[in-house]
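S.K.: Predicted model follows, preceded by the sequence.
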Amino acid sequence: MNLPQHVRLVEVGPRDGLQNEKQPISVADKVRLVDELSAAGLGYIEVGSFVSPKWVPQMAGSAEVFAQIQRHAGVVYGALTPNMQGFEAAVAAGVKEVAVFAAASEAFSQKNINCSISESLQRFVPIMDAARQHGISVRGYVSCVLGCPYEGDVAPQQVADVAAELFAMGCYEVSLGDTIGTGTAGATRRLIEATAAKIPREKIGGHFHDTYGQALANVYASLLEGVSVFDSSVAGLGGCPYAKGATGNVATEDVLYLLNGLGIDTGIDMDRLIVAGQRICDVLGKANGSRVARARQASR
């Protein structure tokens, strides 16, 4: 299969990247990050999550962030809304696209949201109905697609079935998440083949964590399978609390370097992206998780 000519990167740093940080991050710093990502040419930015601050304190100011960001024409500013209350808060904040998530592992679903996969999907029905009424697009996530911290291996067919349900419910696209970062290129290709038998290949996205250093290999394997949408996080922000030593999302800078080398268009400015990533790392007082950013900085 030919590689895609254009790839859309879904920047999840402001949400998935920051949500597990322990130290408080000001609304102003979050707004600056989103604005710098917009200026760098990202076409989709997941700005925040409308969840109870009791469970995810870092996302408590999401409505304020949405109110203060400079929205660029043609850029999607999305939010995670795991329940109806979150969806209603997102609508009130002027969000035009939301995301919902389900697990491909029964054990993961039971241990983390205390219900079965089927029950979790049913919870999304009112959200999907309300989204249609408000003209809001819904993106779907499936977690633990290449391994579960409780079950181990997850069958590709099981992932495909959950993705198909989300797609049938009205999700225009389904992102397949390697939550604990144990996936390999071969397993990734088999997963996409199985999922593409259930939903159109162009409706599949990839979300890879780099725990075992395989994220870029899995992105390339996905490209070979015709996938042209990938979630990534500036400076490799984020981490998986379920896997000891997990190093978080694949860095947007590193994915962009791979895509640039393959001659695949993204519309993203690498220099501006690196500046945005380094600035938020300085705020957090942590090392930049992007190998490309570190190499660029070392060579100057």
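M.R.: Here it is on my side, so go on.

S.K.: Quick check: which helices or strands does the lowest-mean-pLDDT helix or strand in the chain pack against?
M.R.: Within the chain, confidence by mean pLDDT, DSSP states H and E is lowest for helix 106-113 among all helices and strands, at a mean of 88. Counting contacts by 3 or more CB pairs under 8 Å, 6 or more residues apart in numbering; DSSP states H and E, helix 106-113 packs against strand 97-103, helix 117-122. Any C-beta I mention is one placed from the backbone N, CA and C, and that applies to glycine too.

S.K.: Buried residues, the shortest one. List them.
M.R.: Along helix 117-122, the positions that meet the burial threshold by neighbour count (16 or more other CB atoms under 10 Å) are I117, S120, L121.

S.K.: of those, closest to N288?
M.R.: S120 (35.1 Å; CB to CB).

S.K.: Not counting residues beside it along the chain, what's closest to that closest one?
M.R.: Once flanking residues are discounted, S120 sits nearest to A102: 5.1 Å by CB to CB, 6 or more residues apart in numbering.

S.K.: Pull the least confident helix or strand of the chain out as CSV, backbone CA atoms only.
M.R.: Extracted in CSV, the C-alpha atoms of helix 106-113 (Å, rounded to 0.1, in the frame of the first residue of the first chain):
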residue,chain,number,x,y,z
GLU,A,106,-13.0,-6.0,30.1
ALA,A,107,-10.7,-6.0,33.0
PHE,A,108,-9.5,-2.5,32.3
SER,A,109,-13.0,-1.3,32.0
GLN,A,110,-14.2,-2.9,35.2
LYS,A,111,-11.2,-1.7,37.2
ASN,A,112,-11.2,1.9,36.0
ILE,A,113,-14.9,2.8,35.4
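
S.K.: So which bits of it are buried?
M.R.: Under 16+ other CB under 10 Å, the buried positions of helix 106-113 are E106, F108, S109, Q110, N112, I113.
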